[in-house]
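S.K.: test case, fold it:
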Amino acid sequence: MLDAINEIVFEVSQESDGGYVAECLTESIITQADDWEELRKNVKEAVAAFCFDRPEQPSTIPLHLVRDEILAYA
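M.R.: So this is what the prediction gives:
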């Protein structure tokens, strides 16, 4: 029997074209979307598909947006 998953955490990065990629840090799940709302929907669908045969779904799905920014310092 498969174990229940309490929490699945995603690291989200924004692509140069403006889209987003979400990669799970604890399981083999990855998805992408053109905008934030679509990404949220795609993450939920990907997690549901991954957990379809598990006793229960995770109670939370944190999305951690990673953003690179370069500041000019002179």
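S.K.: so the closest residue to His64 other than its chain neighbours: helix, strand or coil?
M.R.: Sequence neighbours aside, Glu11 is the residue nearest to His64 in space, at 5.4 Å (criterion: CB to CB, 6 or more residues apart in numbering). Backbone N, C-alpha and C define where each C-beta goes, glycine included. Following DSSP: H, G, I helix; E, B strand; the rest coil, the label given to Glu11 is strand.
S.K.: which stretches in the chain count as helices?
M.R.: 36-50 (DSSP state H).
S.K.: low-confidence regions, it specifically.
M.R.: Within the chain, the ranges that satisfy pLDDT under 70 run 1-6.
S.K.: which parts of this structure are strands?
M.R.: With DSSP state E, the ranges of strands along the chain come out as 10-14, 20-24, 30-33, 63-66.
S.K.: Phe50: which of those strands is closest?
M.R.: strand 20-24 (8.2 Å; CB to CB).
S.K.: tilt between that closest one and helix 36-50?
M.R.: Angle of strand 20-24 versus helix 36-50, following axes from the mean of the first three to the mean of the last three CA atoms, to 10 degrees, is 30 degrees.
S.K.: strand 20-24 pairs with which strands, and in what direction?
M.R.: Strand 20-24 has its sheet partners listed here by DSSP bridges as strand 10-14 (antiparallel), strand 30-33 (antiparallel).
S.K.: distance to Glu23 and mean neighbour count added to these, as a markdown table?
M.R.: Putting these into a markdown table (distance: least, CB to CB, whole Å; neighbours: other CB atoms under 10 Å) gives the following:
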| stretch | distance to Glu23 | mean neighbour count |
| --- | --- | --- |
| strand 10-14 | 5 | 18 |
| strand 30-33 | 5 | 17 |
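S.K.: nearest to Thr60, of those?
M.R.: strand 10-14 (11.0 Å).
S.K.: tell me if I'm right that Pro62 and Ala22 touch.
M.R.: No - look at Pro62 against Ala22 with CB atoms under 8 Å: they stay out of range, at 10.7 Å.
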